[in-house]
Structure formats: structure tokens, C-alpha cells
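Participant: missing the sequence, but the structure's below:
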DNA sequence: CAGAATCCTGACTGATCGTTCAGGATCGGG
DNA sequence: CCCGATCCTGAACGATCAGTCAGGATTCTG
């Protein structure tokens, strides 16, 4: 419902990419259960048959869309991270992008659906495992880097990563469903406070106002995460 | 797939109750998306048409099943609570029944599905709101009772109830999905520790081993929640 | 430019399921 | 015993979709 259907791409690969983008859009809009091949085709401005032609099956398309969303997340994070950033800054950036109030809204809803599917579907379970492992690995690596720099204190990085990841999930559920309580904006702060306690970081240092550079198309939007 | 289909009940109301029980069983087994009228009918040992006759629609049946599950939870809790129980004991009992490792496993999966549905479906959103409100009200009332007894210290009972409820949700997600980390048995302990901190209760008092009397059919099962 | 590979489409198929319906069984009250 | 209400059933309807297929258009290759 956003792309002008008339604009057909010449390059087949570009067409494929558009379908994938359409799949992501519909997925975030209607969820797994509500996504139809016809919807994706309509948003992409093509025929349902072409979706099947490129992705062989609906589940295949959705799985690839999900993987694409995950890759985008890490890409955005690394694009926003200056080469010389220290561990504290990297932690802040990570928290910003992962927060529901941040750019990842909608993505969390997708992951929640994956969780539910993982209860019964083997493929979804494997996907969740992989996503979780990558996320915890990222945190663990960041923590050990912080220790090496001398700015973090932590006896068991993988365990701390697990706890912090779990907390983030719980907060995300609350924030995504909150009808009014647990405001989105608080998520970032709540998580960083917990991280400060977990990693022995000076609370004020971690929560100090920062500017995150996001590399969005066109203008480079910047947002300040201020400490209430 | 548990009830002998041949045993037909004479009383129509009893028949209806069996169908409801069948709906719960199938729901916990296959989830919302996977539950078919035919499945419920098969488990209940009747025809699909009778399911519709009694509940008018599949969604109606599922909604009533969900409500029944919730009622059962509170019924079980109050049945296991001695009339003279103090706030600390009531808190322990509540935690036991709500823990994923406890009797509520399967129920948590259902609620997770409700959460996801609540993202898009108005009815599910209302249901979640109601369930959440009842749960937080129960916690708030318990907290104020503990304050009156002089065993809890807490400046803002509703806020503490909110935080503890949120933590329980987050832990439930982790435990329900945990392939190995976050063992079920730890949930009870983790939550009680947090409650002890939140409510200013002596940690050892709250975590001391107890025996919960469950009023199950046939033998009265008892389980000791031991503090590692 | 010819032929093949790739890309694309509309029309169709086949399967799944919620729900309806016409009527049969059962039961309770008068 | 009779009659209406309630309870119950098998069969069928109709809607929804994922995926197929035969063939047309376009692009690539030699």
C-alpha cells in the first residue's frame, strides 16, 4: 500500500527485492497468520504467481523476509557505530536500536510471533535459536571487549549476556503490548540501568545523553536519548 | 485424544462441558491457529455440528475455553490456600501456580498466543487487558494485605504489582522457549527473589522450602519447592 | 537474427474448513 | 400419550487460498 504499483522494474533481481520488501511490509502489518500471497503481490505490484515463482513457497518468502529483517538490524547498528567507538558507546547504540521505542518497533512484534510459532513449529524453533544465539554472541563479545578496555566488570560474560537478553525480551513484550503502562521511551533507560548494574558501569556514564547517527535514506535523522 | 469417545453423556450440559474441556485440550496442544472444530469434536467424541450448536462459532468456543482456563487458575490457587494463610505464604502459593515449571505450563503458551493476537485483534486485546487487570489486582491486594500485616514494606503497591507482573511475563517467555537455558524450576525462585527485594521481605523467609497442597482429582499431589 | 533460457501472467485446480440446513432422536410437561 | 422444545447428526455449501500450468513476453547468447 505504499509503492506505486505501476512502476515496474526492469531488472528481475530488483523485482525480486521489491517483492521481498513487500513481504516484510505485509508481515509487519498483518502478521504471519494474516499474510497472503495475494497481499504481497498487490503491494509489490505484481501477480501472485510471480511471488511463487521467485520464492517457491509462501513460507519460503516469509522466512527470507525474516532473515532480511534481522540482517538489516545488524547492518543498521554497525552503520551507526563509529570505527573508534568504545564499549560503552557501542552498548548505548545497541540498546537504542533494540528498544521497542526505537527503529525496531514492528520488528519486535515479528519476533514475538516467531516465539509463539517456535512452540510448535520446528523451523520456527530453529530460526529463533539462531537469532537468539547471534544476539547473545553480540552481547557477549561486547562485554568481553568492555572488560578488556577496563570499563566493564563482569565475572561471567555469557551469563550476563543471557540475563540482559532475557530482560530485553521481557521489556519488549511489555512495551509492545502496553496499552499505556511501560511507555516505550522508558525501555531504553530501564535496560541500560540494568546493564549498568550487571556490568559494573558507572550509571551516569551509561545514561548520559548521546546522539545516535542513523544512516537512513535521504536525510540523516538523529535522535537524542535523554536521561529523564 | 484422551477421553474415550464412546462414553456419551446423557446430560446436555455435561456434554457441553466435555466439549469445552476438549477445546482446552486441543488449544493447549495445537494452539489457536491449529485448532479445528473437527479436532475438538473428535476429542469430545461428538460431531463438529454439535460444537457449533453449543458455542455458535469456533471463536466463541475458544474464547470461552480461555476464560475457563483463567478461572481454573484462580480456583486452584484459592483451593490451595489455607484460610489462615498469611501474605508471605499466599505469595509463595501464587508464585508456585504461576510458574511455568508449575501446573500452569501450557497455560503460558496460550497467553503468549493471546499477546500476539492482541497486537492486531481487538477482541484479544480486550481479553488480555482483562486478564492482566485481574492479575495485577490480585497482586496489589496481596501486597497491601502484607503491608497491613507488617510483613511487607512497599511505598506504591500498584507499581510494585506492575513490575512483578512484567517480570513474571518475561520469565515465562524465556522459560517456555528455553531450549536449555533458564530452566523451568528456576522461575519460581527468580521471581520470589525479585519479590523479596521489591517488597522488603526477608529473602530466606520467602524462599524457605514449603509444601503446596494441590487439590487434584484422585491423589492429592504435593510438591516441595526447595531453595537451591 | 535465431533459438534458448529466463521471466512473467491469468486462469485454473484441489484441498481445507467454518458454517448451514433439513430432518431425526430424545425428553419434559400437560 | 402427545406435542413442542431441546438436542443432535450427516451431508452439503461456499469461501478462501496456496500452489500449478500452459503459454506469452522478454532477455540473453552464440
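Facilitator: Nice, thanks for sending it over. As the structure is a computational prediction, the values presented were derived from the model and not from experiment. Numbering: from 1, shown residues only, chains lettered A, B, ... in the order given.
Participant: Please identify the buried residues of the lengthiest helix in chain A?
Facilitator: Ordering each helix of chain A by length in residues (DSSP state H) puts helix A:122-149 first. For helix A:122-149, the neighbour count (16 or more other C-beta atoms under 10 Å in any protein chain shown) marks A:124-125, A:127-128, A:131-132, A:135-136, A:138-140, A:142-147 as buried. C-beta coordinates here come from the backbone N, C-alpha and C atoms, glycine included.
Participant: Does residue A:211 fall in a helix, a strand, or a coil region?
Facilitator: strand (DSSP: H, G, I helix; E, B strand; the rest coil).
Participant: Any idea what it is bridged to?
Facilitator: Beta bridges link residue A:211 to residue A:224, judged by DSSP bridges.
Participant: pLDDT at it, what is it?
Facilitator: Residue A:211 carries a pLDDT score of 70 in this model.
Participant: Residue A:80 versus that one, what's the distance?
Facilitator: From residue A:211 across to residue A:80, the span is 10 Å (C-beta to C-beta, to the nearest Å).
Participant: These two - which one has more neighbours?
Facilitator: residue A:80 (19 against 9; other C-beta atoms under 10 Å in any protein chain shown).
Participant: pretty sure the more buried one is in contact with residue A:97, am I right?
Facilitator: Yes. In terms of C-beta atoms under 8 Å, residue A:80 counts as a neighbour of residue A:97; the distance is 7.2 Å.
Participant: which residues do those two both contact?
Facilitator: Counting by C-beta atoms under 8 Å, 6 or more residues apart in numbering or on different chains, the contacts common to residue A:80 and residue A:97 are residue A:212.
Participant: Quick one: list the elements packing against the longest helix of chain A.
Facilitator: Counting contacts by 3 or more C-beta pairs under 8 Å, 6 or more residues apart in numbering or on different chains; DSSP states H and E, helix A:122-149 packs against helix A:58-80, helix A:87-98, helix A:107-118, helix A:157-177.
Participant: out of those helices, nearest to residue B:110?
Facilitator: Closest to residue B:110 of these is helix A:107-118 (C-beta to C-beta; 10.0 Å).
Participant: Just confirm yes or no for that closest one near chain B.
Facilitator: Yes. Taking C-beta under 8 Å from any C-beta of the partner chain as the criterion, helix A:107-118 and chain B are in contact, through A:109, A:112-113, A:115-116, A:118.
Participant: Out of those residues, grab the one that's most surrounded.
Facilitator: Comparing these by number of neighbours (other C-beta under 10 Å), residue A:116 comes first, having 26 neighbours.
Participant: and the gap between that one and residue B:34?
Facilitator: 11 Å.
Participant: Quick check: closest non-adjacent residue to the residue of chain A found nearest chain B.
Facilitator: Using C-beta to the nearest C-beta, the single residue of chain A nearest to chain B is residue A:170, 1.9 Å away. Nearest residue to residue A:170, sequence neighbours excluded (C-beta to C-beta, 6 or more residues apart in numbering or on different chains): residue B:170, at 1.9 Å.
Participant: Same question for residue A:88.
Facilitator: Counting by C-beta to C-beta, 6+ apart, residue A:88 lies nearest to residue A:151, which is 5.7 Å off, once chain neighbours are set aside.
Participant: residues near residue A:49, how many?
Facilitator: 10.
Participant: again, but for residue A:162
Facilitator: For residue A:162, the neighbour count with other C-beta under 10 Å is 18.
Participant: where's it relative to residue A:96, distance?
Facilitator: For residue A:162 relative to residue A:96 (C-beta to C-beta), the value is 21 Å.
Participant: Nearest to DNA strand C: which residue in chain A?
Facilitator: Nearest to DNA strand C, among the residues of chain A, is residue A:49, at 3.2 Å (C-beta to the nearest atom of the strand).
Participant: Quick check: mean pLDDT of the host helix or strand of that residue?
Facilitator: Using DSSP states H and E, the element containing residue A:49 is helix A:48-55. For helix A:48-55, mean pLDDT rounds to 97.
Participant: Next, the angle helix A:58-80 makes with it.
Facilitator: Using axes from the mean of the first three to the mean of the last three C-alpha atoms, to 10 degrees, the inter-axis angle of helix A:48-55 relative to helix A:58-80 is 60 degrees.
Participant: quick one: helix A:48-55 near DNA strand D?
Facilitator: Yes. Helix A:48-55 reaches DNA strand D (C-beta under 7 Å from any atom of the strand) through A:48-49, A:52.
Participant: State the distance spanning the first to the last residue of stretch A:72-89.
Facilitator: Using C-alpha to C-alpha, to the nearest Å, the end-to-end distance of stretch A:72-89 comes to 20 Å.
Participant: Give the buried residues for it.
Facilitator: A:73, A:76-77, A:80-81, A:87-88.
Participant: from the middle of its chain, how far away would it be?
Facilitator: When C-alpha coordinates are averaged (C-alpha atoms, centre = their mean, to the nearest Å), stretch A:72-89 and its chain have centres 14 Å apart.
Participant: same thing with stretch A:42-54?
Facilitator: Stretch A:42-54 sits 26 Å away from the centroid of its parent chain (C-alpha atoms, centre = their mean).
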